[in-house]
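Colleague: Predicted model follows, preceded by the sequence.
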Amino acid sequence: MTPSEVMRIGQEAMRMALLLAAPVLVVSLVVGSIVSLLQAVTQVHEQTLSFLPKFVAVLGVLAVGGGWMLEQTVAYATRSFDRAPTAVSGEANPG
């Protein structure tokens, strides 16, 4: 396995992690910002008011996009396992 192949595998892993985490993180950020703004305007600073809406929003994202996330993870794992024999043996063309 050449260093460029290792870099490509690492880049693909990082891209997959970012692709799967981005929807959850973006929704959590947006909901958290809205709740923080509302708390600042109303001067109600209760910890559960910031946690509960983010929790519900993240559950919603996982409920809606969970199937897609699972498909992406399975496709990535399949590609990784398909490449494993050539990575271990060092062969250019498996066969």
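Modeller: In hand now; what should we look at?
Colleague: so where's this structure uncertain?
Modeller: Along the chain, segments meeting pLDDT under 70 span 89-95.
Colleague: helices and strands around the longest helix anywhere in it, which ones?
Modeller: If you go by DSSP state H, the chain has its longest helix at helix 47-89. Identification of packing neighbours for helix 47-89 by 3 or more CB pairs under 8 Å, 6 or more residues apart in numbering; DSSP states H and E yields helix 3-42. (Glycine included, C-beta is placed from N, CA and C.)
Colleague: Can you work out which other helices and strands pack against the helix it packs on?
Modeller: helix 47-89.
Colleague: Okay, angle between the helix it packs on and helix 3-42 too, please.
Modeller: Per axes from the mean of the first three to the mean of the last three CA atoms, to 10 degrees, the angle that helix 47-89 makes with helix 3-42 is 180 degrees.
Colleague: next one: helix 47-89 to chain centre, how far?
Modeller: 6 Å (CA atoms, centre = their mean, to the nearest Å).
Colleague: Stretch 35-44 now?
Modeller: 29 Å.
Colleague: Could you measure from Met16 over to Ile9?
Modeller: Distance, Met16 to Ile9, by CB to CB, to the nearest Å: 11 Å.
Colleague: meant to ask about Ala77
Modeller: 13 Å.
Colleague: Neighbour count: those two, which is higher?
Modeller: Each of Ala77 and Ile9 has its neighbours counted (other CB atoms under 10 Å); Ile9 has more, 15 against 11.
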